[in-house]
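Engineer: sequence and predicted model, in that order:
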Amino acid sequence: MRTILNIIWLIFSGLWIALGYAIAGILCFIFIVTIPFGIACFRIAVYALWPFGYRVTERHDAGVASGVGNIIWLVIAGIWLAIGHILAGISFCVTIIGIPFGIAHFKMVPISLMPLGREIVPTSQQLPSYHWNRP
């Protein structure tokens with residue numbers, strides 16, 4: 001089912017979103033200071049091509065530079081990208097068939113707001129579990 005959803009997503013949204021993020025990544029590589037944003041754009045572009053079966057998680061080893069970079073990204077581009085994903089998600093959710101694609105757009109909002117210090121992992125990968133030690 002994920003493969004079918006990913007193929008339909010690729011045709012209707014994924015290719016265009018990935019192309020936009022890839023172009024933004026290339027533009028970010030022009031200046032040395034914005035290279036981390038370019039790397040993040042390419043990671044988001046790959047995620048935008050095939051979003052079903054993956055999720056975004058926070059990296060706990062990310063430092064203060066990621067936080068500062070995220071604030072800069074949020075002010076310059078993040079808010080506009082998030083608004084675009086929210087509007088696209090709402091427009092997809094208007095139809096019953098488009099609801100999974102709207103949810104995929106909503107899943108992209110957090111990484112488009114603050115891409116640094118996050119990673120994209122398969123949903124099959126186990127999350128660290130925290131339980132009590134039982135005798």
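Structural biologist: Sure thing, it's come through.

Engineer: and the closest residue to Leu81 other than its chain neighbours, how many neighbours?
Structural biologist: The spatially closest residue to Leu81, leaving aside those adjacent along the chain, is Ser112, at 3.9 Å (Cβ to Cβ, 6 or more residues apart in numbering). Any C-beta I mention is one placed from the backbone N, CA and C, and that applies to glycine too. Applying other Cβ atoms under 10 Å, we find 28 residues neighbouring Ser112.

Engineer: Ser112: which element?
Structural biologist: Element membership for Ser112, per DSSP states H and E: helix 99-113.

Engineer: confirm Arg55 sits in a strand?
Structural biologist: Yes - under DSSP: H, G, I helix; E, B strand; the rest coil, Arg55 sits within a strand.

Engineer: ok now the helix holding Ser112, how far from the chain's centre?
Structural biologist: 7 Å (Cα atoms, centre = their mean, to the nearest Å).

Engineer: what's the pLDDT at Val68?
Structural biologist: For Val68, the model assigns a pLDDT of 91.

Engineer: residue contacts, it?
Structural biologist: Neighbouring residues of Val68 by Cβ atoms under 8 Å, 6 or more residues apart in numbering: there are none.

Engineer: before we move on, what about His85?
Structural biologist: Counting by Cβ under 8 Å, 6+ apart, His85 has contacts His105, Phe106, Met108, Val109, Ser112.

Engineer: so it, which of the three states?
Structural biologist: Going by three-state DSSP: His85 is helix.

Engineer: now the element after the helix or strand that Trp9 is a member of, going C-ward?
Structural biologist: Taking DSSP H and E as the criterion, Trp9 maps to helix 2-9. Sequence-wise, the next helix or strand downstream of helix 2-9 (DSSP H and E) is helix 15-28.

Engineer: any idea how far that next one is from the chain center?
Structural biologist: Chain-centre distance of helix 15-28: 13 Å, with Cα atoms, centre = their mean.
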